[in-house]
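Student: following is a predicted model, sequence given first.
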Amino acid sequence: MSELKIPNYNKSRQYLFKNKLTIKRKSKSKLLRESLLMFSSSLVLIFLNYLIPQKKDLIYSFLDNFYSIYLNSLIFFKYFYQIVLVFIIFITGIISLILFIGALYRIYKISRRKTNKFKF
């Protein structure tokens, strides 16, 4: 057990991350590879963009599509509000029926009791 080394975390906070970051400059070959990779990926994206048919129609109908989405979402929320209200009506009706039956049952139990003692 004496071989177990427990790290000491009671060091001051100003020295907590000292000498943890290694700042190295990238080599020219690595920079060149990264720039070629970026260049080739940009060319692939431009080519894929070129392959999309009817770009002008899609761009011109962009605002119309947003407007129709907005109208459909308003209609959706109107119907969703009505559905939630119907669920609330059903749930409150069931709860009120349960409470009404419970009240009638308690009145029945009180009227049936013959002794004056209270049982808890």
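Tutor: The structure has been received and is ready for your questions. Numbers count the residues shown, from 1 in each chain.

Student: from now on I want contacts and neighbour counts done on CA atoms only, so please keep to that.
Tutor: Fine.

Student: may I have the helix-or-strand element of the chain with minimal mean pLDDT as PDB, with CA atoms only?
Tutor: Taking mean pLDDT, DSSP states H and E as the measure, the chain has helix 55-60 as its least confident helix or strand, at a mean of 88. C-alpha atoms of helix 55-60 as PDB (Å, rounded to 0.1, in the frame of the first residue of the first chain):
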ATOM      1  CA  LYS A  55     -32.000  26.800 -57.600                       C
ATOM      2  CA  LYS A  56     -33.600  30.100 -58.600                       C
ATOM      3  CA  ASP A  57     -37.100  28.800 -58.100                       C
ATOM      4  CA  LEU A  58     -36.100  27.400 -54.700                       C
ATOM      5  CA  ILE A  59     -34.600  30.700 -53.700                       C
ATOM      6  CA  TYR A  60     -37.500  32.800 -54.900                       C
END
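
Student: flag every buried residue along it.
Tutor: Buried residues in helix 55-60, counting neighbours by 16 or more other CA atoms under 10 Å, are absent.

Student: how far out from the middle of the chain is that helix?
Tutor: 32 Å (CA atoms, centre = their mean, to the nearest Å).

Student: for that helix, packing partners?
Tutor: Using 3 or more CA pairs under 8 Å, 6 or more residues apart in numbering; DSSP states H and E, no helix or strand is in contact with helix 55-60.

Student: after it, next one along is what?
Tutor: Per DSSP states H and E, the first helix or strand lying C-terminal to helix 55-60 is helix 62-112.

Student: what about that next one, distance to the chain center?
Tutor: The answer for helix 62-112 is 25 Å, by CA atoms, centre = their mean.

Student: mean confidence for that helix?
Tutor: Helix 62-112 shows a mean pLDDT of 93.
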